[in-house]
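Asks: got a predicted structure here, sequence first:
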Amino acid sequence: MIGKAYKSMVPYYDSIAKQRKFKSRPCLIIGKADSGDYVILPISKVSDRSKVDTNYDIPLDKTVYTFLHNDSFLRTHKQTVVNIASLKDELTDFKGKYEETYIEALAKVEEFQKQLINNAL
């Protein structure tokens with residue numbers, strides 16, 4: 001599963017219905033946390049471009065990354081852990097098909113983690 005893009009069910013708060021709901025979002029699996037959990041990077045269209053991090057968000061053009069419906073960003077500074085039950089349909093073998101971007105993403109994850117640790121000391 002590592003290196004593949006999947007649909008992931010993620011929680012969000014619906015302010016109109018005033019309740020927590022779930023929606024399907026694409027993500028890239030970059031590691032295994034334990035026997036049932038995976039470390040992922042979200043893939044998001046980021047409607048408000050002022051929220052794009054020019055260093056850590058990698059742009060993904062939907063004409064190149066054909067598994068996407070919208071131009072999106074691979075958010076390397078927003079990694080999270082999800083249970084395998086939250087991962088639904090495999091979208092693509094990201095590592096195999098987009099190897100250069102995959103390697104860039106891992107390098108940016110490492111850079112972010114180092115910065116995080118340095119700022120905490």
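Replies: Cool, got the structure.
Asks: just to be sure, residue 85 is in a strand?
Replies: No: per DSSP: H, G, I helix; E, B strand; the rest coil, residue 85 lies outside any strand segment and is helix.
Asks: tell me how many other residues crowd the closest residue to it other than its chain neighbours.
Replies: Once flanking residues are discounted, residue 85 sits nearest to residue 36: 7.8 Å by C-beta to C-beta, 6 or more residues apart in numbering. (Each C-beta comes from the backbone N, C-alpha and C, glycine too.) By the criterion of other C-beta atoms under 10 Å, residue 36 has 10 neighbours.
Asks: for the chain, just list every one of the helices.
Replies: 94-97, 99-120 (DSSP state H).
Asks: okay, those helices in a markdown table with distance to residue 27 and mean pLDDT next?
Replies: Converted to a markdown table, the helices of the chain look like this (distance: least, C-beta to C-beta, whole Å; pLDDT from 0 to 100):
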| stretch | distance to residue 27 | mean pLDDT |
| --- | --- | --- |
| helix 94-97 | 10 | 98 |
| helix 99-120 | 12 | 97 |
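Asks: residue 33 - how many residues pack around it?
Replies: For residue 33, using other C-beta under 10 Å, the count is 13.
Asks: would you agree it is in contact with residue 81?
Replies: Yes: counting by C-beta atoms under 8 Å, residue 33 does reach residue 81; the two are 4.8 Å apart.
Asks: what do those two both touch?
Replies: Common neighbours of residue 33 and residue 81, counting by C-beta atoms under 8 Å, 6 or more residues apart in numbering, are residue 39.
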